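*Asks:* Prediction below, plus the sequence it came from.
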Number of protein chains: 2
Amino acid sequence: MPSKLRELSLEEVGMSLHSNAIHLLRDVRTEDSAMGIGPAQASALSVVVFGGPLSLNELAEAEQVRPPTMSRIVEALVREGLVRREANRDDRRSIIISSTDKGTKIIHEGRSRREKRLIKLLSQLDADEIRCLGRASRILSRILVAKHS
Amino acid sequence: MPSKLRELSLEEVGMSLHSNAIHLLRDVRTEDSAMGIGPAQASALSVVVFGGPLSLNELAEAEQVRPPTMSRIVEALVREGLVRREANRDDRRSIIISSTDKGTKIIHEGRSRREKRLIKLLSQLDADEIRCLGRASRILSRILVAKHS
DNA sequence: GCTAATCATTAGCCATGCTAAGTATGCAAA
DNA sequence: TTTGCATACTTAGCATGGCTAATGATTAGC
């Protein structure tokens, strides 16, 4: 065993990262229940708010679910007055989904709550540790994007 | 702004970490469908396999769901021959849930598939980047545990 | 103008979360 | 001891969110 703080193997780093990612999400997601809508609706609405008006297929693809699943989610969001569903005049098979003021508002509030929760967690750390997490996040982002090629 | 690679704010690090954690999980979870059981069953079975025999309440708490939810999940696992449900002689209100050979086998196979997927993702990185992820994982682990106190 | 492809929806299945209520058992105090 | 409360699990019933298959409406291509 060469080093004092011995090297972690790829497997160990991977599994540990996996486990900690699960727990981080679980922790942060607890803030989401305050939005009063389910997680799938919250996530889809977030895409509509930040990703501009888009079609049902585009939204389904962004959320990695099938169109019928997204159709039902959008139906619920429309019923709750959080998004609008309008006809697309260029292609009348298609619809244009856009956020209402109410939808935009609750997503920004939700994002704000998540941020507060994350900040509360991360504020225990020193600057060097924050830098480490920032770098780790960039590394993850890179390999997760690379896999699509 | 002092530094060349400017400092990331707490908010930015947090939100970016959150987003990347979501995508990491989404990627790795795709391997889980090969187990042929749903994610809740897979996760519960994993706890039984690695966490030894335990009661329904203990399992529900470990998985952060209510007892009725876990009762139904265990019922499915029993039906599929992946766990055993035995009487507890010391307290006949309670049950003892333990893994069968079949259950243990598919969890180890699933874990192995997840590891392979993670290794495939992480093997694109150099040693220094791996160390960074390892350290980040330990940091996350520490703050996630600390919040319980 | 037909035919095929595409976009969205409907219908119906399953899994997984919940609460409320029921059953069986254990425990403690009258 | 018995009475009554607490605990462990199950059952029943509801909501959400995933899926496939099939339908309807519209567009695109030959």
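*Replies:* Here it is on my side, so go on. These figures come from a predicted structure and were not determined experimentally. Numbers count the residues shown, from 1 in each chain, chains lettered A, B, ... in the order given.
*Asks:* from here on, contacts and neighbour counts on C-alpha atoms
*Replies:* Fine.
*Asks:* Now name the helix or strand holding the most centrally placed residue in chain A.
*Replies:* By Cα atoms, centre = their mean, chain A has its centre lying nearest to A:S43, at 6.0 Å. A:S43 is part of helix A:39-50, with elements assigned from DSSP states H and E.
*Asks:* How about the helix or strand following that helix and DNA strand C, touching?
*Replies:* Moving toward the C-terminus from helix A:39-50, the next helix or strand (DSSP H and E) is helix A:56-63. Yes: judged by Cα under 7 Å from any atom of the strand, helix A:56-63 and DNA strand C are in contact via A:L56, A:N57, A:E58.
*Asks:* Make sure A:L121 is actually in contact with B:I143.
*Replies:* Yes: using Cα atoms under 8 Å, A:L121 is in contact with B:I143, at 6.4 Å.
*Asks:* Those two - which one has more neighbours?
*Replies:* The neighbour count for A:L121 versus B:I143, taken as other Cα atoms under 10 Å in any protein chain shown, is higher for A:L121 (20 against 17).
*Asks:* Now whichever strand or helix holds that one: buried residues?
*Replies:* Element membership of A:L121 [criterion: DSSP H and E] is helix A:101-122. Neighbour-count burial for helix A:101-122, with 16 or more other Cα atoms under 10 Å in any protein chain shown as criterion, is recorded at A:103-104, A:106-107, A:110-111, A:113-119, A:121-122.
*Asks:* Also stretch A:77-84?
*Replies:* Applying 16+ other Cα under 10 Å to stretch A:77-84 flags A:L77, A:V78, A:L82, A:V83, A:R84 as buried.
*Asks:* ok, back up a step: from DNA strand C, how far out is the residue lying closest to the residue nearest to the centre of chain A once chain neighbours are set aside?
*Replies:* Among residues not flanking A:S43 along the chain, A:E63 sits closest, at 7.7 Å (Cα to Cα, 6 or more residues apart in numbering or on different chains). For A:E63, the distance to DNA strand C equals 13 Å [Cα to the nearest atom of the strand, to the nearest Å].
*Asks:* where does A:E63 land on pLDDT?
*Replies:* Note on A:E63: pLDDT of 94.
*Asks:* ditto for A:L17
*Replies:* Looking at A:L17, the pLDDT reads 78.
*Asks:* Say whether DNA strand C is contacted by stretch A:11-31.
*Replies:* No: Stretch A:11-31 does not reach DNA strand C (Cα under 7 Å from any atom of the strand); its nearest approach is 11.2 Å.
*Asks:* and the one helix or strand A:R84 maps to, which strands flank it?
*Replies:* Taking DSSP H and E as the criterion, A:R84 maps to strand A:83-87. Sheet pairing of strand A:83-87 (DSSP bridges) gives strand A:95-99 (antiparallel).
*Asks:* and the strand it pairs with, average pLDDT?
*Replies:* Mean predicted confidence for strand A:95-99 is 97.
*Asks:* Tell me where the model's unsure across chain A.
*Replies:* Residues of chain A meeting the criterion pLDDT under 70: A:1-8, A:146-149.
*Asks:* interface residues of it facing chain B?
*Replies:* By Cα under 8 Å from any Cα of the partner chain, the residues of chain A that approach chain B are A:7-8, A:10-11, A:13-18, A:20-25, A:115, A:118-119, A:121-124, A:129-137, A:139-141, A:143-144, A:147.
*Asks:* Give the PyMOL command for selecting the buried subset of those.
*Replies:* Buried residues among these (16+ other Cα under 10 Å), as a PyMOL selection:
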select buried, chain A and resi 10+11+13+14+15+16+17+18+20+21+23+24+25+115+118+119+121+122+129+130+131+132+133+134+135+136+137+139+140+141+143+144
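*Asks:* Strands - which of the residues of chain A next to chain B land there?
*Replies:* Using DSSP state E, no member of the residues of chain A next to chain B sits in strands.
*Asks:* which parts of chain A sit against DNA strand C?
*Replies:* Residues of chain A found near DNA strand C (Cα under 7 Å from any atom of the strand) are A:55-58, A:67-68, A:71-72, A:74, A:93-96.
*Asks:* switch the cut-off to 10 Å
*Replies:* Applying Cα under 10 Å from any atom of the strand, we find that chain A lies next to DNA strand C at A:54-61, A:66-75, A:78, A:85-88, A:91-97.
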